[in-house]
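no letters, just coordinates:
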């Protein structure tokens with residue numbers, strides 16, 4: 001079992017939560033507020049005390065080999081209820097009394113995050129974000145907008161590795177120039193091919209790589225960018241009122257994805273220097289890193305799960321910027337109607353251009 005930290009209000013004993021609007025800790029019962037520095041001092045004072053020993057020796061005969069997997073059991077200090085989770089759970093709510101708990105053992109030693117971006121947008125903003133996301137999509141069925149049921153909404157601090165590096169890049173591009181002309185009988189096309197070489201040095205800071213196997217990498221990248229300037233030194237108090245996981249993908253295991261992002265970005269940046277061609281494609285490239293380093297951060301994400309006609313839909317919102325993503329159902333009848341309208345418009349335009357061309361010839 002791991003030690004758990006709960007921030008109790010000294011006025012009424014209620015569980016404190018991180019307050020997005022005030023960027024402080026607030027009691028939802030008596031509305032008393034506490035600044036983060038005060039909470040930090042309180043947190044430091046707790047670390048000076050010897051924690052309670054609440055471990056229990058469980059009879060081994062109760063479980064067979066491999067039955068428990070990564071399951072862990074924690075005891076809520078408020079009501080004594082058991083909280084069951086996996087070995088990556090770092091912050092959660094007690095299912096019995098609802099109080100927020102932070103599992104301090106998940107952030108000890110090398111596991112402690114270097115920084116955290118606090119939530120800037122609350123649960124209501126996430127709900128409004130979902131409504132806006134749905135309302136702006138023209139091909140969403142009308143019934144989905146009215147019948148879609150919000151099952152669950154939760155704020156989660158997702159673990160990320162942030163990579164800094166300097167890179168020396170050499171890129172070889174295959175480029176083409178196309179020239180066309182015509183006479184009274186034929187239309188001619190001439191394509192010339194070129195090998196273009198570029199090299200340069202670039203610096204990258206805070207390249208984010210999702211450190212949790214529970215989150216799809218493509219989903220997390222779709223929520224970028226995050227403004228790292230808003231990051232603050234990690235305090236467990238920021239986790240109160242939200243869920244959080246510690247990483248289960250190490251920095252070493254994340255390096256390959258960071259390398260892919262550096263390589264892709266370097267090729268795109270240097271590509272902008274290749275001008276005057278009709279097409280430009282990467283033929284081969286070589287990237288050498290210098291002074292690479294990484295740090296551990298927690299980023300705020302809102303996850304929303306909905307149901308419509310027995311099908312589950314998952315949406316996500318950047319808890320700092322409000323960027324919203326998620327797949328939606330398509331009204332195919334409406335799709336083919338718009339497709340027919342656009343096809344008729346483009347067909348008419350193409351016919352008109354062809355008539356003008358023939359007239360001029």
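Perfect, thanks for sending it. Values in this document were obtained by computation on a predicted structure and should not be read as measured data. Numbering: from 1, shown residues only.

now do the contacts for residue 321.
By CB atoms under 8 Å, 6 or more residues apart in numbering, the contact set of residue 321 is 120, 225, 226, 227. All C-beta spots, glycine's among them, are computed from the backbone N, C-alpha and C.

now do the SS call for the closest residue to the last one other than its chain neighbours.
Same thing as residue 227. Spatial nearest neighbour of residue 227, excluding adjacent residues (CB to CB, 6 or more residues apart in numbering): residue 320 at 6.3 Å. State at residue 320, reduced to three classes by DSSP: H, G, I helix; E, B strand; the rest coil: coil.

and for residue 40?
Strictly by three-state DSSP, residue 40 counts as helix.

isn't it right next to residue 234, touching?
No. Between residue 40 and residue 234 no contact is recorded; they are 10.5 Å apart, counting by CB atoms under 8 Å.

between these two, which is the more surrounded one?
Neighbour count, other CB atoms under 10 Å: between residue 40 and residue 234, residue 234 has more, with 17 against 14.

got a list of what the more buried one touches?
The neighbourhood of residue 234, defined by CB under 8 Å, 6+ apart, consists of 107, 112, 113, 114, 115, 116, 298.

residues in contact with the residue nearest to residue 227?
117, 119, 120, 121, 226, 227, 230, 299, 300.

over to residue 222?
Going by CB under 8 Å, 6+ apart, residue 222 touches 316, 325.

give me that answer again for 6 Å
Applying CB atoms under 6 Å, 6 or more residues apart in numbering to residue 222 gives the contacts residue 325.

look up how far residue 215 lies from it.
11 Å (CB to CB, to the nearest Å).

any stretches of this protein with poor pLDDT?
For the chain, the stretches with pLDDT under 70 are 1-5, 42-111, 137, 139, 141, 143-144, 147, 330-344, 346-361.

would you mind splitting it into its domains for me?
According to automatic domain parsing, the chain is divided into the following domains: 4-57+66-112, 124-330, 334-361.

would you map the helices across the stretch 51-200 of the chain?
Here the stretch 51-200 of the chain has its helices, by DSSP state H, counting those that start in this stretch, at 123-135, 142-147.

from the contact counts, what lies against the helix or strand where residue 314 lies?
When elements are assigned from DSSP states H and E, residue 314 belongs to strand 311-318. Other helices and strands packing on strand 311-318, by 3 or more CB pairs under 6 Å, 6 or more residues apart in numbering; DSSP states H and E, are helix 123-135, strand 279-308, strand 324-326.

in the longest one, what counts as buried?
Judged by neighbour count using 16 or more other CB atoms under 10 Å, the buried positions of strand 279-308 are 280, 285, 287, 294, 296-304, 306, 308.

out of these, who's nearest residue 12?
residue 300 (27.2 Å; CB to CB).

which residue is the nearest non-sequential neighbour of the closest one?
Residue 300's closest residue in space is residue 319 (CB to CB, 6+ apart), at 3.0 Å.

and the helices and strands packed on strand 311-318 as TSV, adding distance to residue 269?
Compiled in TSV, these are given as follows (distance: least, CB to CB, whole Å):
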stretch	distance to residue 269
helix 123-135	31
strand 279-308	12
strand 324-326	25
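
residue 183 is nearest to which of the ones you listed?
strand 279-308 (25.8 Å).

mind listing the strands the closest one pairs with, and their directions?
Sheet pairing of strand 279-308 (DSSP bridges) gives strand 115-116 (parallel), strand 149-182 (antiparallel), strand 311-318 (antiparallel).

so which of these is nearest residue 14?
strand 149-182 (18.9 Å).

that closest one to helix 123-135, inter-axis angle?
Counting by axes from the mean of the first three to the mean of the last three CA atoms, to 10 degrees, strand 149-182 lies at 50 degrees to helix 123-135.

in strand 149-182, which residues are buried?
153, 155-163, 165, 167, 169, 171, 173, 175.

for stretch 316-326, same thing?
Of the residues in stretch 316-326, 316, 317, 318, 319, 320, 321, 324, 325, 326 count as buried by neighbour count, 16+ other CB under 10 Å.

and what of stretch 198-208?
Buried residues in stretch 198-208 (16+ other CB under 10 Å): 198, 204, 206, 207, 208.

how close does the first one sit to residue 279?
Pointing back at residue 198 there. 16 Å.

which residues touch residue 166?
203, 290, 291.

what would the strands paired with strand 279-308 look like in CSV with distance to residue 238?
Output for those, formatted as CSV (distance: least, CB to CB, whole Å):
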stretch, distance to residue 238
strand 115-116, 5
strand 149-182, 8
strand 311-318, 16
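
out of those, which is closest to residue 6?
Closest to residue 6 of the strands paired with strand 279-308 is strand 149-182 (CB to CB; 16.8 Å).

quick one, what contacts residue 129?
With contact taken as CB under 6 Å, 6+ apart, residue 129 is in contact with 317, 324.

tally of neighbours for the residue nearest to residue 32 when sequence neighbours are not counted?
Among residues not flanking residue 32 along the chain, residue 11 sits closest, at 4.9 Å (CB to CB, 6+ apart). Counted with other CB under 10 Å, residues neighbouring residue 11 total 12.

quick check: the gap between residue 11 and residue 22.
Residue 11 is 16 Å from residue 22, by CB to CB.

likewise for residue 208?
In terms of CB to CB, residue 208 sits 27 Å off from residue 22.

and stretch 223-234, what's buried?
223, 226, 231, 234.

touching, the third one and residue 115? I think so.
So that's residue 231. Yes. The pair residue 231 / residue 115 is scored as a contact, 4.2 Å apart, by CB atoms under 6 Å.

find the nearest non-adjacent residue to residue 118, please.
Nearest non-adjacent residue to residue 118, counting by CB to CB, 6+ apart: residue 238, 5.1 Å away.
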